[in-house]
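S.K.: Mind looking at a prediction? Sequence and model below.
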Amino acid sequence: MRTAYSVETVRNAERELMARLPEGALMQRAAAGLAAACAQVLGRVAGRVYGSRVVLLVGSGDNGGDALYAGARLARRGAGVTAVLLAPDRAHGGGLAALRRAGGRTMSGESAPADVARADLVLDGIVGIGGKGGLREAAVPLADAAARSRAAVVAVDLPSGVDADTGEVRGAVVRADLTVTFGAHKPGLLIDPAREYAGAVRLVDIGLALPAEAAEAEALQHADVALLLPVPGAESDKYRRGVVGVAAGSARYPGAAVLAVAGALRGGAGAVRYVGPAGDAVIARFPETLVSDEGPKRAGRVQAWVVGPGAGDDASTVAEVLAAEVPVLIDADGLRLADPEAVRSRTAPTLMTPHAGEAAALLGVSREEVEGARLSSARELAARYGAAVLLKGSTTVVASPDGGPVRVNATGTSWLATAGSGDVLSGLAGSLLATGLPALDAGSTAAYLHGLAGRLAARGAPAGAHDVAKAIPAAWRDVRGD
Ligand SMILES: NC(=O)C1=CN([C@@H]2O[C@H](COP(=O)(O)OP(=O)(O)OC[C@H]3O[C@@H](n4cnc5c(N)ncnc54)[C@H](OP(=O)(O)O)[C@@H]3O)[C@@H](O)[C@H]2O)[C@@H](O)CC1
Ligand SMILES: [K+]
């Protein structure tokens, strides 16, 4: 699990640890890890540290201090290190002295872009967790020069200018190839749009003790998902494995039903019941489906429902499903048709799976606002509806109605932005709900498998939603290491 903590939590842990350590010890740990990472990068881009050209972009806080001390370590190994001081009279004194002792030189910002252009490595120490808003004006030409240069850009703690707590980006920011972060991941390193600017992320342990219950966001990894995946025991029959009901599709959109069933069949439930007008299309493709056209109430027992994909304007089916006392996943048209009060008053878990446009409509804001503030949008929707919310997109986030860390999915790929891919995801997540996984686990596990399946199906070329569904078993095997 990659776990991210808020700036406040990190600062508290830092204070506690600092009180027990000699002054400056934490910064030395950070700088040592940072310098080691930079040395590796230099090995790749310049062949070696000795003789390579390093430019440090140094702001007025401790983030700049980290950069200066790391620069000093690289200078001692023979790198030519130049520190560009954005606020010369406020740069970290100890760091500056260390760099000068090691033979590094300093300069102010104006003539720096030329040096940046010639560098092998640019170390972004403009601002870290103490930053507010995007980059200030003086730093923008340097960030631009770094982006244009062939240098590798390594961000200290965070790409400067991004919001550490939310992943929001307001204004100019540094684009890094690698971010070396200290003590803990920050939510902004896991959530788009900020995540995209961080490049690869490496965590340097500096000994902070972070309370698990204070986590703000977490990203599942293979091992976590492997533990969550339901595996049938020797005693299982199809009913014990769970039956998922899919109420989806319409005469106009039969494909949504087929794709939701395609996902549901690969999500671990023992059987899939389909209810709706697309039964013939579903059976033609998946003869193992139990089909009925008598509505959800009369369909027979299920352990979870999926409602909404391709539903058109069929509000009564949505209402009927919401009245069921089993977990319900609401997607697509169902999100628009569901009565908010009926969702809020449900006693069994509900999982809503909007994309940014659907979330925006439910929140009464623009799509851009949701895309720029994924974390708060998902949390806000979850609180309003008393439901778990899986907000799909460049980073899929899943928020619980009762707070706690959001799950952030790291497996997504832009190849998944294809028609019908959401229908597959809803079937898959509903199937996992039917096996008994809680909504947060079902949603995040489904997003993980779905992302992986998307990658496996695409392998760098366009793939249709049905290809993604077909690749789910391979994703499952990959996660379990079979
Ligand atoms: N936590 C830990 O355990 C450890 C933390 N460590 C390190 O300390 C870092 C935090 O240091 P920090 O607190 O000094 O804040 P930092 O990020 O340098 O920024 C503050 C300065 O930036 C300025 N500034 C603000 N906004 C700006 C903007 N948009 N654009 C430009 N400038 C802006 C602001 O200026 P002012 O507003 O005062 O004019 C202020 O002077 C942390 O990220 C990590 O690297 C490690 O060394 C060891 C362990
Ligand atoms: K930085």
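M.R.: That came in fine, so what should we check first? Ligands and ions are numbered 1, 2, ... in the order given.
S.K.: C-alpha only now, for contacts and for neighbours.
M.R.: Noted.
S.K.: Do I have it right that residue 432 meets residue 266?
M.R.: No: in this structure, residue 432 is not within contact of residue 266 by CA atoms under 8 Å, at 9.2 Å.
S.K.: Give me the more crowded residue out of these two.
M.R.: residue 432 (31 against 22; other CA atoms under 10 Å).
S.K.: other SSEs contacting the helix or strand harbouring the more buried one?
M.R.: Using DSSP states H and E, residue 432 maps to helix 421-434. Helix 421-434 makes packing contacts with strand 243-247, helix 254-264, strand 304-307, strand 328-330, helix 439-458, helix 465-480 when contacts are defined by 3 or more CA pairs under 8 Å, 6 or more residues apart in numbering; DSSP states H and E.
S.K.: Return the alpha-carbon coordinates of the next helix or strand after the third one using PDB.
M.R.: Later in the chain than strand 304-307, the nearest helix or strand by DSSP H and E is helix 315-322. Backbone C-alpha positions of helix 315-322 (Å, rounded to 0.1, in the frame of the first residue of the first chain) are rendered in PDB as follows:
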ATOM      1  CA  ALA A 315     -36.400   5.600 -13.400                       C
ATOM      2  CA  SER A 316     -38.700   3.000 -12.000                       C
ATOM      3  CA  THR A 317     -36.200   0.200 -12.300                       C
ATOM      4  CA  VAL A 318     -33.600   2.400 -10.500                       C
ATOM      5  CA  ALA A 319     -36.100   3.100  -7.700                       C
ATOM      6  CA  GLU A 320     -36.900  -0.600  -7.400                       C
ATOM      7  CA  VAL A 321     -33.200  -1.500  -7.100                       C
ATOM      8  CA  LEU A 322     -32.600   1.200  -4.500                       C
END
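S.K.: tell me the mean pLDDT for helix 315-322?
M.R.: Per-residue pLDDT values over helix 315-322 give a mean of 97.
S.K.: same question, stretch 394-413
M.R.: The average of the pLDDT scores along stretch 394-413 is 94.
S.K.: Buried residues of that stretch, list them for me.
M.R.: Within stretch 394-413, the residues that count as buried by 16 or more other CA atoms under 10 Å are 394-401, 405-413.
S.K.: so where's the stretch 51-200 of the chain uncertain?
M.R.: Across the stretch 51-200 of the chain, nothing is flagged by pLDDT under 70.
S.K.: now the stretch 301-450 of the chain
M.R.: For the stretch 301-450 of the chain, no stretch has pLDDT under 70.
S.K.: hang on, the earlier thing: now the helices and strands packed on helix 421-434 in a markdown table, with mean neighbour count and distance to ligand 1?
M.R.: What follows is those, written out as a markdown table (neighbours: other CA atoms under 10 Å; distance: least, CA to the nearest ligand atom, whole Å):
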| stretch | mean neighbour count | distance to ligand 1 |
| --- | --- | --- |
| strand 243-247 | 32 | 46 |
| helix 254-264 | 29 | 42 |
| strand 304-307 | 32 | 44 |
| strand 328-330 | 30 | 40 |
| helix 439-458 | 26 | 29 |
| helix 465-480 | 20 | 33 |
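S.K.: Now distance to residue 314 too, for the ones you listed, in TSV please.
M.R.: Formatted as TSV, these follow (distance: least, CA to CA, whole Å):
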stretch	distance to residue 314
strand 243-247	10
helix 254-264	13
strand 304-307	10
strand 328-330	13
helix 439-458	24
helix 465-480	24
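S.K.: out of these, which comes closest to ligand 2?
M.R.: Proximity to ligand 2 (CA to the ion) singles out helix 439-458 among the helices and strands packed on helix 421-434, at 29.3 Å.
S.K.: and the closest one, what other elements does it pack with?
M.R.: helix 222-228, strand 350-352, strand 388-391, strand 396-399, strand 406-409, helix 421-434, helix 465-480.
S.K.: mind checking how far it is from the chain centre?
M.R.: Distance of helix 439-458 from its chain centroid, counting by CA atoms, centre = their mean, to the nearest Å, is 12 Å.
S.K.: Write out the residues of the chain neighbouring ligand 2.
M.R.: Where the chain comes near ligand 2, counting by CA under 5 Å from the ion, the residues are 124, 125, 127, 128, 155, 156, 158, 159, 160.
S.K.: how about 6 Å then?
M.R.: Contacts of the chain with ligand 2, taken as CA under 6 Å from the ion, map to 124, 125, 126, 127, 128, 155, 156, 157, 158, 159, 160.
S.K.: ok so, going back, show me which positions of the helix holding residue 432 end up buried.
M.R.: Judged by neighbour count (16+ other CA under 10 Å), helix 421-434 contains these buried residues: 421-434.
S.K.: Please name the residues that touch residue 64.
M.R.: Shown in contact with residue 64 (CA atoms under 8 Å, 6 or more residues apart in numbering): 57, 58, 91, 92, 125, 126, 127.
S.K.: 6 Å instead, please
M.R.: Residue 64 makes contact with 58, 125, 126, according to CA atoms under 6 Å, 6 or more residues apart in numbering.
S.K.: so the last one touches residue 59, yeah?
M.R.: Yes: applying CA atoms under 6 Å, one finds residue 126 in contact with residue 59, separated by 4.0 Å.
S.K.: More neighbours: these two, which one.
M.R.: More crowded of residue 126 and residue 59, by other CA under 10 Å: residue 126, with 33 against 25.
S.K.: Please list which of the residues of the chain next to ligand 2 also come close to ligand 1.
M.R.: Contacts with ligand 1 within these, counted by CA under 6 Å from any ligand atom: 127, 128, 156, 157.
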